[in-house]
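[1] Everything below, folded, please.
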Amino acid sequence: MLILLLYTRNLHGMTAVGKRDQKGEWIRVAPCLYRYRGSGVYYAVVRRSGKLIRRSLEVDKLEVAKRELRDFLARQENTAADAHKTHFDDHMREFLESRTGASKTLKRYRQLMEHVNANWPGGAHQILSKVDHGQCTKWLSFWNGKVAAYNHARQWLLSFFDFAVANRKIPRSPLDKRLVKAVRRPKVIRNAPTPEEFEAILTEVRSQPFTDHGDDSADVLEFMGRAGVGQAETSGLKHEHVSLEAGTIKLFRVKTQTSFQIPIFPKLRPLLEKLKTANPDVLPSEKVFKISDPKKALATACKRLKLPSFSQRALRRMFIINALKRGVAVKTISKWQGHQDGGVLILKTYSEIIENDVHQEAANLLG
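    Residues are numbered from 1 along each chain as shown. Model (predicted):
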């Protein structure tokens, strides 16, 4: 319960305030509102759970101070009684336990919590309500120049303080996201193999000597490139998810924890039929591919062919680029990728390719 200080009190052990207007004296001007004569600045003063709380309102005008005081008292009322005992590091553990999502995301949350414990200005074992904006910006400065890491760290802080506010441990977040904005990523040119290079890579992987996994690795890479899906979706694919009769494949997007369906494309069907024929008695619950990560095989093939070091994601980009160039609707491609945004991400990521095609079509109209 918030107890208003209706009695006069000298905050620094001086004589009772309000009686003499001497330099350095605290003047009580209203319940919970004091003015320090030396600076003219107004202060909010309350007692909560036996603890005296004093905060500068950072104004020297009485009417403005009264408004600020009302806001301050409202925030205090919305804060749990034990908030002044809550430590930053203790509440972080509660925050981490409340998180859900992909394992990669949760791992990043744990790593950032460990970084806070090791590097937070003033130490992480401090009263949570004492954490200020300056400490936040100083901690974020560890990632200056690292765009992705900085944005992840900023979002972690915002999420943590939102959690603390929701649990009434602090009245409001000390990090003002209007002042500390996310850093825009520089535009990166991401390469992708041409269809001809992709076929050469498959041939090279299948013919690699000194390995008995060549065909298995090539099958995974071929599926990625012809279906346009990533390594996570491919590694989790089971025979029960593939219907040659219906011509569909059910996939699960780990990143967003959602399922989606794609058609069996003409160039993809021979691969799936080959796998089915090679394993006629396979159980529906068994995985389609024996290899879950053909990263090494892909890197070796690119090196032997003297091609750029294409990643597995580059195969998905190849599929999308090829689909765009063939005139497939952006919204359709987006559904094939398991996106829920109606094509916004595809438009943003591949805008240059789309614009080039539009320009070319316009030029062709001129004969």
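[2] buried stuff in stretch 190-209?
    192-193, 197-198, 200-202, 204-206, 208 (16 or more other C-beta atoms under 10 Å). No exception for glycine: its C-beta is placed from N, CA and C like everyone else's.
[3] Please produce JSON lines containing these, extended by pLDDT.
    Converted to JSON lines, the buried residues of stretch 190-209 look like this (pLDDT from 0 to 100):
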{"residue": "192", "pLDDT": "91"}
{"residue": "193", "pLDDT": "95"}
{"residue": "197", "pLDDT": "96"}
{"residue": "198", "pLDDT": "96"}
{"residue": "200", "pLDDT": "96"}
{"residue": "201", "pLDDT": "96"}
{"residue": "202", "pLDDT": "96"}
{"residue": "204", "pLDDT": "95"}
{"residue": "205", "pLDDT": "94"}
{"residue": "206", "pLDDT": "92"}
{"residue": "208", "pLDDT": "81"}
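[4] Out of those, list just those in helices.
    197-198, 200-202, 204-206 (DSSP state H).
[5] Please identify which of those is nearest to residue 352.
    Proximity of these to residue 352 was ranked by C-beta to C-beta; the top entry is residue 197 with 19.9 Å.
[6] Looks like that closest one contacts residue 306 (just checking).
    No. With contact defined as C-beta atoms under 8 Å, residue 197 does not reach residue 306; the gap is 10.7 Å.
[7] quick one, what contacts residue 117?
    89, 92, 124 (C-beta atoms under 8 Å, 6 or more residues apart in numbering).
[8] Buried by neighbour count, from these: which ones?
    Of these, these count as buried by 16+ other C-beta under 10 Å: 92, 124.
[9] which of the contacts of residue 117 lies closest to residue 217?
    So of the contacts of residue 117, ranked by how close each gets to residue 217 (C-beta to C-beta), first place is residue 92, at 41.7 Å.
[10] by contact count, what packs against the one helix or strand that closest one maps to?
    According to DSSP states H and E, residue 92 maps onto helix 88-98. Taking 3 or more C-beta pairs under 8 Å, 6 or more residues apart in numbering; DSSP states H and E as contact, the helices and strands that helix 88-98 lies on are helix 103-119, helix 147-166.
[11] which residues are in contact with it?
    109-110, 113, 116-117, 120, 124-128, 131, 159-160, 163-164, 167, 169.
[12] Now it - C-alpha only, PDB.
    Provided in PDB are the C-alpha atoms of helix 88-98 (Å, rounded to 0.1, in the frame of the first residue of the first chain):
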ATOM      1  CA  PHE A  88      17.800  -7.600 -12.100                       C
ATOM      2  CA  ASP A  89      19.500 -11.000 -12.400                       C
ATOM      3  CA  ASP A  90      16.800 -12.800 -10.400                       C
ATOM      4  CA  HIS A  91      14.000 -11.500 -12.600                       C
ATOM      5  CA  MET A  92      16.000 -12.400 -15.800                       C
ATOM      6  CA  ARG A  93      15.800 -16.100 -14.800                       C
ATOM      7  CA  GLU A  94      12.000 -15.800 -14.500                       C
ATOM      8  CA  PHE A  95      11.900 -14.000 -17.900                       C
ATOM      9  CA  LEU A  96      13.900 -16.800 -19.500                       C
ATOM     10  CA  GLU A  97      11.600 -19.500 -18.100                       C
ATOM     11  CA  SER A  98       8.600 -17.700 -19.600                       C
END
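[13] How about that helix, which residues are buried there?
    In helix 88-98, counting by 16+ other C-beta under 10 Å, buried: 88, 91-92, 95.
[14] cool, stretch 264-275 as well?
    264, 268, 271-272, 275.
[15] same question for it, mean pLDDT?
    Average pLDDT, stretch 264-275: 95.
[16] Check stretch 125-139 too.
    pLDDT averaged over stretch 125-139 gives 92.
[17] related to what we said a few turns ago, ok, which of the helices and strands packed on helix 88-98 comes nearest residue 46?
    Using C-beta to C-beta, the helices and strands packed on helix 88-98 put helix 147-166 closest to residue 46, at 19.3 Å.
[18] Residue 54 pairs with what?
    residue 45 (DSSP bridges).
[19] how far away is it from residue 72?
    Distance, residue 54 to residue 72, using C-beta to C-beta, to the nearest Å: 11 Å.
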